[in-house]
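> okay, predicted coordinates and the sequence, questions at the end:
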Amino acid sequence: MAQFDVYMNPSSTTRKAFPYIVDIQSTTIQEIATRIVAPLARRSSLNEQAMKKLTPEIQYEGEVLILLVPQIASIPAKHLKNPIGSLNHFRDEILAALDFAITGI
């Protein structure tokens, strides 16, 4: 598993609104049984306007999706199989959003 890998959302309940999840956990932390993830949401699924600094827009698979940093969660690593892509090229935007969520800067 690599940081910023994209996976299909394993939850059939939330998959329509949040089709993908992004592994945001550092690769130096591999020995624990969970991974820290954030969902990617379809803009049409959001009732409110996105906060650009906290919820960056991500272009993926021909769609504009919103990375929902405020909805960070952990998920058992065993549920994350076969990444379907990577958002490593959005690294700066993702880290800036995480930093903003924690420090407000």
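Received, thanks.

> who's in contact with residue 52?
With contacts taken as C-beta atoms under 8 Å, 6 or more residues apart in numbering, residue 52 has no neighbouring residues. Where C-beta positions appear, they are placed from N, C-alpha and C, glycine not excepted.

> quick one: pLDDT of it?
pLDDT recorded at residue 52 is 83.

> what's the helix or strand for it?
For residue 52, there is no host helix or strand (DSSP states H and E).

> can you tell me how far it is from residue 87?
16 Å (C-beta to C-beta, to the nearest Å).

> cool, and residue 5?
8 Å.

> quick one, longest strand in this structure?
strand 34-42 (DSSP state E).

> so residue 88 sits against residue 4, correct?
Yes - counting by C-beta atoms under 8 Å, residue 4 is a contact partner of residue 88 at 4.6 Å.

> low-confidence regions, this structure specifically.
47-50 (pLDDT under 70).

> can you give me the end-to-end span of stretch 44-55?
14 Å (C-alpha to C-alpha, to the nearest Å).

> now the spatially most distant residue from the centre of the chain, what are its backbone angles?
Distance from the C-alpha centroid of the chain, by C-alpha atoms, centre = their mean, peaks at residue 31 (20.6 Å). Main-chain torsions, residue 31, degrees, to the nearest 10: phi -80, psi -10.

> helices along this protein, start to end?
For the chain, applying DSSP state H gives helices covering 91-103.
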